[in-house]
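Student: Structure for this input, please:
(chains A, B, C and D)
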2 protein chains.
Amino acid sequence: MTNVMMKHDDLYKIIWMSRPLMQAAETLVEQGLQGTGLTVRARAVLEILLRHGSLSVPDIAVHLEIKRQYVQVMVNETLAEGLTRKQDNPRHRASPLIALTGKGEQLIARVTERELEIVAALGAELNPDEVRTTLQVTSALLQKMKTAVKEERE
Amino acid sequence: MTNVMMKHDDLYKIIWMSRPLMQAAETLVEQGLQGTGLTVRARAVLEILLRHGSLSVPDIAVHLEIKRQYVQVMVNETLAEGLTRKQDNPRHRASPLIALTGKGEQLIARVTERELEIVAALGAELNPDEVRTTLQVTSALLQKMKTAVKEERE
DNA sequence: GTCAGATTGACATGTATGATGTCAAAATAT
DNA sequence: ATATTTTGACATCATACATGTCAATCTGAC
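Tutor: Numbers count the residues shown, from 1 in each chain, chains lettered A, B, ... in the order given. A predicted model of the protein is given here:
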């Protein structure tokens, strides 16, 4: 078998591994959320706000790549629990910025810290250079797949 | 920043990339299925049968890691369309083996061949050694995550 | 400034992919 | 032989979104 054929086979396996990988990851996240009262979707909102600062609902939807209508539901949950609050939006008076409250910020900071610890444990035996290579390859692959999807749609 | 911290950060990114990766992959698969009349779930059943030969419904469920009740629905679809047929199961008379028909085998062979072509195009610029490394790292990561999930449950 | 078109929150409804529960028939284990 | 398990079949539920619509508000071109 040629090297090139093996590469395609490897790529095929990598692609089909993305689903079990994601499922395992999300199950781990769920377990990490036990006791925090957070849902996975609330966690997603808080993390975006932690990383990017205050954003409007449509902005969050762009980051999460899901529809604003669904983000609205998620955000309303976090507002109800006092994890976020509305701020005036200078760019659009009817669309407030959603900001983390102190409570929300502490919570999401604790959660992501804990997740990083778990990741550290998972990666204990992995070679840093190989991990770096993996990140580069999967990033490139994702880019190419997104482009391919767009092209087919035209 | 130390090498080790960078590794954890890379790993974290890889893990969170699994969802967009999977979504892009599944969108591509859907596009490849256009015109075949196949649904994504019917395709999954046919592919398992192509790779592992005739299997009972519960066997397929083990491979797909979903509940047998749902697999039953998927299999019934493929039976109705003449893509699979029931065979006597020597190990369990009430649970027939599901086998590909000629029609089903041709169809799934064509579909997977086409998918491999798309993968080949995607991977054109990727280094085979790096792809190999990526497969090894993601496989190891998946293993570790599954183990971690099990351990937390105990 | 005004008016057409876009953006937004809110709400209702639809859909895909499963999980879960239950039952009766059949098979298997003891 | 009988207790236990497996299986197909069917019904119900849950989650994670997408889609459609409306009224309010905003923006941009004139």
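Student: Please name the residues that touch the residue lying closest to A:Val4 once chain neighbours are set aside.
Tutor: In this structure, A:Val4 finds its nearest non-sequential neighbour in B:Pro128, 6.9 Å apart by Cβ to Cβ, 6 or more residues apart in numbering or on different chains. C-betas here are computed from N, CA, C, even on glycine. Contacts for B:Pro128 were tallied using Cβ atoms under 8 Å, 6 or more residues apart in numbering or on different chains; they are A:3-4, A:6-7, A:10.
Student: Got the phi and psi for B:Pro128?
Tutor: phi -60, psi -40 (degrees, to the nearest 10).
Student: Any idea how many residues pack against A:Asn3?
Tutor: Neighbour count for A:Asn3, taken as other Cβ atoms under 10 Å in any protein chain shown: 9.
Student: do you know how far the residue nearest the centre of chain A is from chain B?
Tutor: When Cα atoms, centre = their mean is applied to chain A, the residue found nearest the centroid is A:Ala44 (6.3 Å). Applying Cβ to the nearest Cβ, to the nearest Å, the value for A:Ala44 to chain B is 10 Å.
Student: so where does that residue fall, helix or strand?
Tutor: Secondary structure assignment for A:Ala44, by DSSP states H and E: helix A:40-52.
Student: For the next helix or strand after that helix, what is the distance to the chain centroid?
Tutor: Counting by DSSP H and E, the next helix or strand C-terminal to helix A:40-52 is helix A:57-64. Its chain's average C-alpha position is 12 Å from that of helix A:57-64, according to Cα atoms, centre = their mean, to the nearest Å.
Student: go on, stretch A:4-21?
Tutor: With Cα atoms, centre = their mean, you get 22 Å for stretch A:4-21.
Student: Other residues contacting it?
Tutor: A:137-138, A:141, B:15, B:18, B:21-22, B:25-26, B:65, B:115-116, B:119-120, B:122-123, B:126, B:128, B:131-132, B:134-135, B:138-139, B:141-142, B:145.
Student: Show me which of these are buried.
Tutor: Applying 16 or more other Cβ atoms under 10 Å in any protein chain shown to the contacts of stretch A:4-21, the neighbour count classes A:137-138, A:141, B:15, B:18, B:21-22, B:25, B:115, B:119, B:122-123, B:126, B:128, B:131-132, B:134-135, B:138, B:141-142, B:145 as buried.
Student: and chain A, which residues reach DNA strand D?
Tutor: Contact residues (Cβ under 7 Å from any atom of the strand) of chain A with DNA strand D: A:39-41, A:66-67, A:69-70, A:91-95.
Student: For PyMOL, what selects the buried ones among those?
Tutor: To isolate the buried members of the residues of chain A next to DNA strand D in PyMOL, using 16+ other Cβ under 10 Å:
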select buried, chain A and resi 41
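Student: can you map out the helices along chain A?
Tutor: A:3-33, A:40-52, A:57-64, A:68-80, A:102-122, A:128-153 (DSSP state H).
Student: For B:Leu49, which of the ones you listed is the nearest?
Tutor: helix A:3-33 (15.8 Å; Cβ to Cβ).
Student: average pLDDT across the closest one?
Tutor: Mean pLDDT, computed over helix A:3-33, is 90.
Student: Quick check: buried residues in that helix?
Tutor: A:7-8, A:10-12, A:14-15, A:17-25, A:27-29, A:32-33.
Student: so where is chain A shaky, pLDDT-wise?
Tutor: A:1-2, A:153-154 (pLDDT under 70).
Student: how's it carved up into domains?
Tutor: A:17-122, A:127-154 (automatic domain parsing).
Student: Which among these is found nearest to DNA strand C?
Tutor: domain A:17-122 (3.0 Å; Cβ to the nearest atom of the strand).
Student: what's the spacing between the closest one and its chain's center?
Tutor: 9 Å.
Student: Are stretch A:69-89 and DNA strand C in contact anywhere?
Tutor: Yes: residues of stretch A:69-89 are located near DNA strand C by Cβ under 7 Å from any atom of the strand, namely A:69, A:72, A:76.
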